[in-house]
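J.: Attaching a predicted model along with its sequence, questions to come.
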Amino acid sequence: MTERATVFLVDDHDVTRLGTRPILEERFDVVGEADEVNAAIEMILERQPDIVLLDVRLPGGGGAAVIEGVKPASPSIRFLAFSASTSPEDVIALLRAGVDGYVTKATLGVDLPDLIQAALDGLLPMSPEVAGYLLRLDDVTPASGLEKLTPREKQVVRLIARGYTYRETASSLNISVKTLETHMRHIFDKLGVASRNELTARAFETGFMRPEDQDTGGES
């Protein structure tokens, strides 16, 4: 008998999880559920599923934050976004974070296992409503590198460029300093900078930040 693929389900709505799990269990082994970002990251890293069925809007930072928290340690885990949202911001943020497909909750339940299998097979299943956003990724001008950042990473840049310490930034975003350090490593890699001073200079030189935005953070 062929071994069944394992799926982890992340959604902050109990009704969605209750309705989706039986559909998944017809073809896959569901190895866990979570309803917010930090719990999802911890449990996914612990249980190492083959794929995560992921809502986009979640307490604690959203679906992109889950991907960013898992991928560096476990790059082989795949993610399929499963959301009611078709907003450009949500779709593009998930694509930039490295999602392996994006389907809407309007998808018929009978189709969902096939879409999960497509993502496992290395395809990029997309609902028609969101497929066009792939073109917008190609249209982004990589002049500053800042367009590569996820929404969470942009929040980090804004606070760091304003003069906030790592501790203040982590507190403002309700994340740990360790998580913030991970975000900073990703930001440095994407922008090709080596220090927070270089990062701050890039943010102001490109107009991402304005002179009046800068302050000395929250500490005296």
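T.: Sure, I can see it.
J.: Report the buried residues of the biggest helix by length in the chain.
T.: Ranked by residue count and defined by DSSP state H, the top helix of the chain is helix 177-191. By 16 or more other C-beta atoms under 10 Å, the buried positions in helix 177-191 come out as Thr179, Leu180, Thr182, His183, Met184, His186, Ile187, Lys190, Leu191. For the C-beta atoms, the positions are set from N, CA and C on the backbone; glycine is no exception.
J.: Stretch 24-41 now?
T.: 24, 28, 30-35, 37-41.
J.: again with stretch 197-204
T.: Leu199, Thr200, Arg202, Ala203.
J.: Please look at the last one and Gly163 and confirm they touch.
T.: Think Ala203. No: counting by C-beta atoms under 8 Å, Ala203 does not reach Gly163; the two are 11.6 Å apart.
J.: For the chain, name the helix or strand with the lowest mean pLDDT.
T.: Ranked by mean pLDDT, DSSP states H and E, the helix or strand of the chain with the weakest confidence is helix 133-139, at a mean of 55.
J.: Can you show me the CA trace of the next helix-or-strand element following it as PDB?
T.: Following helix 133-139 in sequence order, the next helix or strand is helix 151-161 (DSSP states H and E). The C-alpha trace of helix 151-161 is given here as PDB (Å, rounded to 0.1, in the frame of the first residue of the first chain):
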ATOM      1  CA  PRO A 151       4.500  42.700   4.600                       C
ATOM      2  CA  ARG A 152       5.900  41.600   8.000                       C
ATOM      3  CA  GLU A 153       9.500  42.300   6.800                       C
ATOM      4  CA  LYS A 154       8.400  45.800   5.700                       C
ATOM      5  CA  GLN A 155       7.000  46.400   9.200                       C
ATOM      6  CA  VAL A 156      10.400  45.400  10.600                       C
ATOM      7  CA  VAL A 157      12.300  47.700   8.300                       C
ATOM      8  CA  ARG A 158      10.000  50.700   9.200                       C
ATOM      9  CA  LEU A 159      10.700  50.200  12.900                       C
ATOM     10  CA  ILE A 160      14.400  49.500  12.600                       C
ATOM     11  CA  ALA A 161      14.900  52.500  10.200                       C
END
